[in-house]
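>>> Sequence first, predicted model second:
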Amino acid sequence: AALEALEDAIPGIEEGNYDDLTNALEEFASEVRSYAEERQTALDAWENGNSQLEDLMYTAESAADEAEGIQNDVAEFDDEEPTRDEYEDEDEFELAHEEWKQAKADHWTETVDNALSAAQSIEF
């Protein structure tokens, strides 16, 4: 359910809004951590232990750790936007500005794709 919620939230995030992306990933990580805690509670309920529940708990703990790590890979686009005074020719400025905008959009797309791919690859 946490993964489905993340997959539903990402398309609604405005391009370049790294704070909202990070918040969505934090919510995902929180839900996965809650799942891991539920597995621990289930294991604790067995007086003499239960190897199957122990395996499920370790897998859930690993998933939670991975989920928490995804948001650390989100880095904002930090290339400075070109300014007109850096160029003598208006056409050169326009070209540089268009290339900057494309690089910014590409960075956003790559960041979102990588985050979603990492979340989808987590084994629960």
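Nice, thanks for sending it over. Numbers count the residues shown, from 1 in each chain.
>>> Now for this protein: which helix has the highest residue count?
In the chain, taking DSSP state H as the definition, the longest helix is helix 90-120.
>>> Let me know the average pLDDT across that helix.
For helix 90-120, mean pLDDT rounds to 97.
>>> in that helix, what's buried?
By 16 or more other CB atoms under 10 Å, the buried positions in helix 90-120 come out as 93, 96, 104, 107-108, 111-112, 115-116, 118-119. All C-beta spots, glycine's among them, are computed from the backbone N, C-alpha and C.
>>> swap in stretch 70-87?
Quick answer for stretch 70-87 (16+ other CB under 10 Å): 70-71, 77, 82.
>>> what's the helix or strand for Y58?
helix 51-70 (DSSP states H and E).
>>> Pipe the buried residues of stretch 70-87 into JSON lines and attach pLDDT per row.
Output for the buried residues of stretch 70-87, formatted as JSON lines (pLDDT from 0 to 100):
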{"residue": "I70", "pLDDT": "95"}
{"residue": "Q71", "pLDDT": "89"}
{"residue": "F77", "pLDDT": "95"}
{"residue": "P82", "pLDDT": "96"}
